[in-house]
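Novice: Sequence and predicted structure below; questions after.
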Amino acid sequence: MTHMTALWLPILLSSVIVFVVSSIIHMASPWHKSDYPKMQNEDQVMDAMRPLAIPPGDYLIPRPANMAEMKTAEFKAKHARGPVVMMTVMPNGATSMTGSMVMWFIFSLVISIFAAYVCAHALLPGAPYRAVFRFAGLTAFIGYTAALWPMSIWYHRAWNITIKATVDGVIYGLLTAGTFGWLWPR
C-alpha cells in the first residue's frame, strides 16, 4: 500500500492539467460549439416565459402529481399535445464563470483523490508505470463519465452531447493516468 500523503503532487498536478485542457477543449476548440443549438423562435419563447417569473430550478412539463395521475386520460392527452419539456432555469442577469470554474476544479480534484485512493490501495511504491496508468486512468475515466449516460437514457439528453463528454472523459482519464504514472513514488 502507498500512503495518500505521498500522492499529493499527482493529485494536484493532474487536477490542474485536466482543468487547463478542459478549458481549452470548451473555450478554444469548436468541439462543443454545437452542443446546444439556438431555438428558432428564441425571442418569442423568452417573451412568453418572462412574465411567468419561473424561479431557478429544474422542471419537467407536464409533471404528474403521482403515478395514478400519469395513467389518466387527461394527463395522457396533455402529454400527447405537448410540448414535453425538461428544463433548467438559471438566474437572470450576467453570467459569471468564476463559481462554475471553481466547482469544476474542485470536482477534478475529487476525481484525482479517488484515483489516488484506488492506486494507493492497489499498488506499492515503485509500481510499474503501466499499472499506475491503468488504475488511475480507469478510476478517473469512470469518475468523469459514468453519470453522463443515465442523463441520455432516462432524461433524453442529446446522445451527441453525452458521447462528446465521454470522449472528454477519456482525455481527462488519460491525462490523470499519465500524471500519476509519471509522479508515482519510486
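Specialist: Sure thing, it's come through.

Novice: quick one: the helices in this protein?
Specialist: 8-27, 42-49, 67-70, 73-81, 98-122, 129-145, 148-155, 159-183 (DSSP state H).

Novice: Please name whichever of those is nearest to Met1.
Specialist: helix 98-122 (5.9 Å; Cβ to Cβ). All C-beta spots, glycine's among them, are computed from the backbone N, C-alpha and C.

Novice: contacts for that closest one?
Specialist: 1-4, 7, 10-12, 14-15, 18-19, 22-23, 132, 135-136, 139-140, 143-144, 172, 176, 180, 184 (Cβ atoms under 8 Å, 6 or more residues apart in numbering).

Novice: re earlier: please identify which of the helices of the chain is closest to Tyr59.
Specialist: Going by Cβ to Cβ, the one of the helices of the chain nearest Tyr59 is helix 42-49, 11.0 Å.

Novice: residues of that closest one that come out buried?
Specialist: Residues of helix 42-49 include none that count as buried (16 or more other Cβ atoms under 10 Å).

Novice: cool, stretch 86-96 as well?
Specialist: Here stretch 86-96 shows no buried residue, counting by 16+ other Cβ under 10 Å.

Novice: what does stretch 160-180 give?
Specialist: Buried residues in stretch 160-180 (16+ other Cβ under 10 Å): 161-162, 164-165, 168-169, 172-180.

Novice: JSON lines for the helices of the chain, including distance to Met90 and mean pLDDT?
Specialist: Putting the helices of the chain into JSON lines (distance: least, Cβ to Cβ, whole Å; pLDDT from 0 to 100) gives the following:
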{"stretch": "helix 8-27", "distance to Met90": "17", "mean pLDDT": "97"}
{"stretch": "helix 42-49", "distance to Met90": "12", "mean pLDDT": "95"}
{"stretch": "helix 67-70", "distance to Met90": "28", "mean pLDDT": "95"}
{"stretch": "helix 73-81", "distance to Met90": "26", "mean pLDDT": "96"}
{"stretch": "helix 98-122", "distance to Met90": "11", "mean pLDDT": "97"}
{"stretch": "helix 129-145", "distance to Met90": "23", "mean pLDDT": "98"}
{"stretch": "helix 148-155", "distance to Met90": "17", "mean pLDDT": "95"}
{"stretch": "helix 159-183", "distance to Met90": "17", "mean pLDDT": "98"}
